[in-house]
Each structure stands twice: as C-alpha cells, then as structure tokens.
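*Asks:* pasting a predicted model and its sequence here:
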Amino acid sequence: MPLVEIWPIQSGKIVGLVLLAMMFVITLYLMSGGKKPYVRRVPGLDAMEDAVGRSTEMGKPVVASYGWAFQGFDYWTVAGLTILSHVAKLCAKTNTRLLVPTGGSEGSYIVRPVAVEIVKNAYEAEGKSDMFNENDLPFLSGSQFAMGTGYAGMLLSYRPGSMIMAGSSAADAMMIAEVSNQVGAITITAPTYIGNVAALACASDYVMIGEEAVAAGAYLSQEPAQLASIRTQDIYKFIGIGLILIGWVLTAVGSNLIQQIMGT
Amino acid sequence: MAQLLRRKETSLILIGLSFFIVTGVYFFDIPALNNFSNNLVLMVSVLNAMSILLALYSQTRRSLLLTRQKAHGWPYQLYLVITIYIMAALGFIYGQSSQQFMWFQYAILNPTGSVIYSVLAFYMASACARAFRARSPQAAMLLISGIIVLMGQAPLTGVFAPFLGTAGTYLTSSFAMAASRVFTMSVTVGAVVLGVRIITGKESAAIGFEGG
C-alpha cells in the first residue's frame, strides 16, 4: 500500500515521478556547469578511430550499423545512430568507404531515411558530398534472420577492415560478429540484449556493455556539458546501491519500509 | 511551412512535447491528457503505416534503377521487387490469413529462419573455443562457470552428476540475475539522460541534423 496519495498523481507513482524529475533537474544543472568531469575510458569507443584508420590503411571499407530498430526510434536505435554519425564523420575525413546495412524489422522502415540523412550530413560537413552514395546503405530485409544473413554476406563480399555494430540486435548478432572475425575485420559491438553480452564478448575485439553505448554521443563529443550529463548516471547508481543496502538490512530485521516508500 | 517543419527547433519542440504527454499519462490521472496521448499514439501508428508505403515506393524505385543499370547484385533487386508485389497482391486478393498468402511464410521464411537459428550454435562454439582460455584468474572463473552451466543443462548430467544442475541453477539465478538487473537499471538511467540531451538539442546528430 502506498504511504501517501496525491491527486492527480497516479497511485503508487509519486516516488517514481520525483526520481524522474530529479534526474532531469540534476542533468540540466550539471550540463549548465561547464566543468569537464572525469569520465573513465571506454575502450570500445576509443577503438573506433583506430578501426577506421586500419580500414583506411588497408584500403578496405568500414561496415557500420545502427541496429535492427525493432521498436523504431527506441533509445538503443538513437544511440546506434549517434555512433553511426561519428563513424561516418571519421570515414568522410579519411576518405574511407562506409557501408551501412539497414533493415531487420518493420520498425527499421522509418529509421532508414534518418540514417541516410545522417551519413549524408557527415560527408557534407567534411565537404565531401560527392563521396556519399546511397547505394552503400542497402536495405537488406524487413525480417530479422534475412537481415542477419544479408549482413554476413556483405562482410564476406566486401571483406571490410573493421565492423562496428551498435543499436538493437538479437540472436543473429552472434553470427555477424563471428563472420566479421573470420574475414579479419576489427569487430566492435554494443549488445543490447543481456543474453548477447557474453556471446559477443567472445566473438568481438571490443564490446560496449549497457550504458556505455547509450553514453556514446556524450563521450565521443568530449563536450563538457555533454560529459557532465553522464554524472547523473553515477549519482543514480549510488542512490540505487544505497537503497538496495538499506532495503537488505531492513528486510533482515523484518521491516518493509523501503518497499512501501518505493511503492508510494 | 515546409521550411518551418524542417527546422531543428521545431523537431526538438515536437519531441519534447510528445515526451511530456506520453510520460505524463503514466504518472498523472487526467482524462483529457489520456485522450490526447491516445490520439498521439494513433497519429504515430498512421504515420508508421504511411512510412511503409513510402518505403515501398522508394525501394521499388531504387531496385528498378539498379536493375536498369545492371549494378552488382541486380537479379536480387529484381527478385525483391517481384516478391514484394506478389505478396501484396496475394494479401489483397485472398486476405492476410489465407493459405496462399501464408504459404511464403510457412514454406520459405520459417524454415530458412530456423536453419539460421540452428547454425548459430556452431558460431557460438567457434567463438567460445577462441575466447575461453584460462589466461587470468578472472578468465579461469568465467571458464569454470561456463562449463558448470553448460554441463548442468546437458540431459546426461542429471544421471551422472546431478549436483552440476543445482550449481548451474544457482549461478544463473543469483550472479547472472544480479548482473542482468544491473544492466537493465544502468541502461534505463542512461536512456533518460540521453533523452534529456536530445530534448535540450545537445545530441541532434541522432535525429538527422548534423554530422556528429
């Protein structure tokens, strides 16, 4: 039972609303500070520049994808698009061919035009619009496994120097990462499905786990305001750990106060 | 009007408003807001349906262009267009649940999908053979845990070493479950912070406005 109820807030959602509002306020406050905080290194994100550089030196293309977009524009897809934008910029800078397999679900139909626009903008920003070719962003299939086999087929045909797979993916991600490894490409992945993490950690050279991919945009920009926003994640992690510890102790002594507070 | 709709500020305002309306319904019990949110979700569904039509048009145009140019892999492009329209025609003529329409699903898509799914086991085995080496104490722990869970799920283990099943269940329902919840919590907080960055216009590359 909730401890208090306040109209018009739905029963049992007051604490959730407060936590969400606090998250917004803290993030905006930290972003307005302008101080560049310390952020630990994320090897998967740092390796992207090397991966593109390797492809450039070998004269091979880079294959990068933003995921299967099962839910259309969900946060994984947005994170994948941010990573794609960074990779496209690097490729444009170094005159490296970028191949972006698209598709994988019905939700991907609405995401593809944005991905095309992102890659096009990246080439235009570097003054190399003539290098942009929409055919390098083929739509493989609206079906998951057909997309997976098409993706693996592209890796086998073009034998890229590096493969960067971000955004939502499923079982076929394992096959793609393994084929990428077999063709000798540096393989960087960001699994979204917890069951994929261990499998992709085995098959990839670098793997981004959980929040690392979601924070990619801020990390890669190195802009103080954006980096500061990552601090909110740390603050909430400490709040979470604190609540777990208090709840653990209170439950051991027979009190359900934390459950009641969180259910308010 | 078109210029106004293409502006970054317009997109950010629409994204912010949509976010507050859809999130507001989850937290507040206001019937008017609820109705508005339902209408918004309906509008998005209609837009999605329209985008499928747009995708159909753009894919047909692109595939036919590549076929005319005899570009690399053009027969597949032609095959794609032909199958898209055959499926659409069958759906319109016989209905979406008809035997004719579902034949492609049952006779081609499902069996090929199952083949790919079963092939994954071999890819996993080759990746594990490469990665599972006890090079450090942590890697050794991972290797031992992996073997316990694997053996615990094998049918014969129940006869020869039933304790491995119990140990495997303990590992998956305690350590793996805790890791999975940490993963979910950290990603959720990260997603909200990403949302704030998008609404404040800091991360507009992801909505197609700049190169990075």
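*Replies:* Everything's here; your move. Because the structure is a prediction, the values reported are computed rather than measured.

*Asks:* quick check: pLDDT value at B:E210.
*Replies:* At B:E210, the pLDDT value in this model is 64.

*Asks:* check whether the longest helix belonging to chain B contacts chain A.
*Replies:* The longest helix of chain B (DSSP state H) is helix B:31-68. Yes: counting by Cβ under 8 Å from any Cβ of the partner chain, chain A is contacted by helix B:31-68 at B:47-48, B:51-52, B:54-55, B:59, B:62, B:66. From N, CA and C alone the C-beta is placed, and that goes for glycine too.

*Asks:* likewise stretch B:79-95?
*Replies:* No: Stretch B:79-95 is not in contact with chain A by Cβ under 8 Å from any Cβ; minimum separation 8.6 Å.

*Asks:* show me how far that stretch is from its chain's centre.
*Replies:* Distance, stretch centre to chain centre, for stretch B:79-95: 25 Å (Cα atoms, centre = their mean, to the nearest Å).

*Asks:* quick one: mean pLDDT over it.
*Replies:* 90.

*Asks:* for that stretch, buried residues please.
*Replies:* For stretch B:79-95, a neighbour-count test (16 or more other Cβ atoms under 10 Å in any protein chain shown) marks B:80-81, B:90 as buried.

*Asks:* phi first, then psi, for B:K202.
*Replies:* phi -80, psi -30 (degrees, to the nearest 10).

*Asks:* please give the element, helix or strand, for the residue lying closest to it once chain neighbours are set aside.
*Replies:* Nearest non-adjacent residue to B:K202, counting by Cβ to Cβ, 6 or more residues apart in numbering or on different chains: A:Q226, 5.4 Å away. Element membership for A:Q226, per DSSP states H and E: helix A:224-252.

*Asks:* other SSEs contacting that helix?
*Replies:* With contacts taken as 3 or more Cβ pairs under 8 Å, 6 or more residues apart in numbering or on different chains; DSSP states H and E, helix A:224-252 sits against helix A:14-33, helix A:216-221, helix A:257-262, helix B:177-199.

*Asks:* buried residues, the first one. List them.
*Replies:* To tie it back to what came earlier, the one meant is helix A:14-33. A:14, A:16-17, A:23-24, A:26-27, A:30-31.

*Asks:* now do the longest one
*Replies:* Within helix B:177-199, the residues that qualify as buried are B:182-183, B:185-199, counting by 16+ other Cβ under 10 Å.

*Asks:* just the residues you listed that are near chain A?
*Replies:* B:182-183, B:185-187, B:189-198.

*Asks:* flag every residue of the stretch 151-264 of chain A that's near chain B.
*Replies:* A:171-172, A:174-175, A:177-179, A:181, A:194, A:197, A:199, A:201-203, A:209-211, A:214-215, A:217-218, A:220-221, A:223, A:225-226, A:229-230, A:232-233, A:236-237, A:240.

*Asks:* how close does the residue sitting furthest away from the middle of chain B sit to A:K36?
*Replies:* No residue in chain B sits farther from the centre than B:F160, which is 40.3 Å out by Cα atoms, centre = their mean. Applying Cβ to Cβ, to the nearest Å, the value for B:F160 to A:K36 is 59 Å.

*Asks:* try A:P191
*Replies:* 29 Å.

*Asks:* and what of A:S108?
*Replies:* Taking Cβ to Cβ as the measure, A:S108 and A:K36 are separated by 36 Å.

*Asks:* quick one, which of the two is more surrounded?
*Replies:* Shown here are A:S108 and A:K36; by other Cβ atoms under 10 Å in any protein chain shown, A:S108 has more neighbours (26 against 13).

*Asks:* I figured the more buried one was touching A:Q144, is that so?
*Replies:* No: assessed by Cβ atoms under 8 Å, A:S108 is found out of contact with A:Q144, at 10.0 Å.

*Asks:* okay, and the common contacts of the two?
*Replies:* A:W68 (Cβ atoms under 8 Å, 6 or more residues apart in numbering or on different chains).

*Asks:* ok, how many other residues are close to B:G158?
*Replies:* 12.

*Asks:* isn't A:I186 right next to A:A51, touching?
*Replies:* Yes: with contact defined as Cβ under 8 Å, A:I186 and A:A51 form a contacting pair (4.4 Å).

*Asks:* these two - which one has more neighbours?
*Replies:* Set side by side, A:I186 and A:A51 show more neighbours around A:A51, with 26 against 23, by other Cβ under 10 Å.

*Asks:* in PyMOL, how would I select just the buried ones from the residues of helix B:31-68 next to chain A?
*Replies:* Buried members of the residues of helix B:31-68 next to chain A, defined by 16+ other Cβ under 10 Å, are picked up in PyMOL with:
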select buried, chain B and resi 51+55+59+62+66
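
*Asks:* using CSV, lay out the residues of helix B:31-68 next to chain A together with pLDDT.
*Replies:* As requested, those are exported to CSV (pLDDT from 0 to 100):
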residue, pLDDT
B:L47, 84
B:N48, 81
B:S51, 80
B:I52, 81
B:L54, 82
B:A55, 80
B:Q59, 84
B:R62, 84
B:L66, 87
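
*Asks:* just the endpoints, please. Distance across stretch B:99-112?
*Replies:* Criterion Cα to Cα, to the nearest Å; first-to-last residue distance in stretch B:99-112 is 19 Å.

*Asks:* also stretch A:61-71?
*Replies:* 29 Å.

*Asks:* buried ones in that stretch?
*Replies:* A:61-70.

*Asks:* could you identify the most distant pair in the residues you listed?
*Replies:* A:P61 and A:F70 (26.3 Å; Cβ to Cβ).

*Asks:* local confidence estimate at A:V116?
*Replies:* 92.

*Asks:* could you check how far it is from chain B?
*Replies:* 9 Å (Cβ to the nearest Cβ, to the nearest Å).

*Asks:* repeat that for A:T189.
*Replies:* From A:T189 to chain B the distance is 12 Å (Cβ to the nearest Cβ).

*Asks:* past the worst-scoring helix or strand of chain B on mean pLDDT, which element shows up next along the chain?
*Replies:* Sorting the helices and strands of chain B by mean pLDDT, DSSP states H and E puts helix B:2-5 at the bottom, at a mean of 78. Scanning forward in sequence from helix B:2-5 by DSSP H and E, the next helix or strand is helix B:8-27.

*Asks:* which strand or helix spans residue 86?
*Replies:* Since you didn't name a chain, this refers to chain A. helix A:75-93.

*Asks:* I was after chain B.
*Replies:* Per DSSP H and E: helix B:74-94 holds B:I86.

*Asks:* now do the helix or strand just after that helix: which elements does it pack against?
*Replies:* Counting by DSSP H and E, the element after helix B:74-94 in chain order, helix or strand, is helix B:99-104. Where contact means 3+ Cβ pairs under 8 Å, 6+ apart, helix B:99-104 is packed against helix B:74-94.

*Asks:* how distant is the helix it packs on from the center of its chain?
*Replies:* 24 Å.

*Asks:* only alpha carbons, please: show it as PDB.
*Replies:* Extracted in PDB, the C-alpha atoms of helix B:74-94 (Å, rounded to 0.1, in the frame of the first residue of the first chain):
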ATOM      1  CA  TRP B  74      20.800  -6.600 -59.700                       C
ATOM      2  CA  PRO B  75      19.000 -10.000 -60.100                       C
ATOM      3  CA  TYR B  76      18.400 -10.000 -56.300                       C
ATOM      4  CA  GLN B  77      16.900  -6.500 -56.600                       C
ATOM      5  CA  LEU B  78      14.600  -7.600 -59.300                       C
ATOM      6  CA  TYR B  79      13.700 -10.700 -57.300                       C
ATOM      7  CA  LEU B  80      13.000  -8.500 -54.300                       C
ATOM      8  CA  VAL B  81      10.600  -6.200 -56.200                       C
ATOM      9  CA  ILE B  82       8.700  -9.200 -57.800                       C
ATOM     10  CA  THR B  83       8.200 -11.000 -54.400                       C
ATOM     11  CA  ILE B  84       7.100  -7.800 -52.700                       C
ATOM     12  CA  TYR B  85       4.300  -7.300 -55.200                       C
ATOM     13  CA  ILE B  86       3.400 -10.900 -55.400                       C
ATOM     14  CA  MET B  87       2.900 -10.900 -51.600                       C
ATOM     15  CA  ALA B  88       1.000  -7.700 -51.700                       C
ATOM     16  CA  ALA B  89      -1.300  -9.000 -54.500                       C
ATOM     17  CA  LEU B  90      -1.900 -12.300 -52.700                       C
ATOM     18  CA  GLY B  91      -2.800 -10.400 -49.500                       C
ATOM     19  CA  PHE B  92      -5.200  -8.100 -51.300                       C
ATOM     20  CA  ILE B  93      -6.900 -10.900 -53.300                       C
ATOM     21  CA  TYR B  94      -7.100 -13.700 -50.700                       C
END
